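K.L.:
Okay, sequence plus prediction incoming.
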Amino acid sequence: MAGVLYNAIFLDQLDGDALQLQQVNQLIAQLPDAERGSLRHIDLLMLRPSLDLGRLANAYEPELPRGFRFLTRGLGTRETRSNDMLSLVMFQSDYVKRLIEVGEADAAAKLSEIQRFLSPWIA
């Protein structure tokens with residue numbers, strides 16, 4: 001249940017913002033140039049991790065300090081397969097190192113898409 005709540009707070013808000021940006025872009029496209037004023041189209045590139053970060057956090061949870069494990073387990077975090085709350089607050093070095101590895105691999109897999117997105121600003 002907590003994972004659904006955290007996704008609703010964070011990921012759903014990002015998805016909502018992306019949808020709103022797309023809608024504004026569509027409205028701007030329908031305006032004649034003379035009526036746009038300072039409004040302009042904004043490009044958007046959404047990248048998501050290839051792994052469920054909550055599940056990844058669960059793998060590192062046993063290495064947390066005992067007091068922190070007690071606190072997170074008391075909040076019911078062991079009841080879910082995807083521990084999104086834990087993934088947001090865990091800063092232990094091995095977990096962060098793995099997050100960086102996942103991020104680098106995901107970026108490498110989407111490199112051509114990222115380059116196309118950034119190409120207008122890269123000389």
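P.N.:
Good, I have the coordinates.
K.L.:
name the element residue 103 belongs to?
P.N.:
For residue 103, the element it lies in under DSSP states H and E is helix 93-109.
K.L.:
Now residue 116: which helix or strand?
P.N.:
Residue 116 belongs to helix 111-118, assigned by DSSP H and E.
K.L.:
and the angle from that helix to helix 93-109?
P.N.:
80 degrees (axes from the mean of the first three to the mean of the last three C-alpha atoms, to 10 degrees).
K.L.:
How about helix 111-118, which residues are buried there?
P.N.:
For helix 111-118, burial by neighbour count (16 or more other C-beta atoms under 10 Å) applies to no residue. The C-beta positions use only the backbone N, C-alpha and C, and glycine is treated the same way.
K.L.:
Now do that helix, average pLDDT.
P.N.:
Average pLDDT, helix 111-118: 95.
K.L.:
Show me what it packs onto, helices and strands only.
P.N.:
Secondary-structure packing of helix 111-118 (3 or more C-beta pairs under 8 Å, 6 or more residues apart in numbering; DSSP states H and E): no helix or strand packs against it.
K.L.:
roughly how far is that helix from the heart of the chain?
P.N.:
Chain-centre distance of helix 111-118: 18 Å, with C-alpha atoms, centre = their mean, to the nearest Å.
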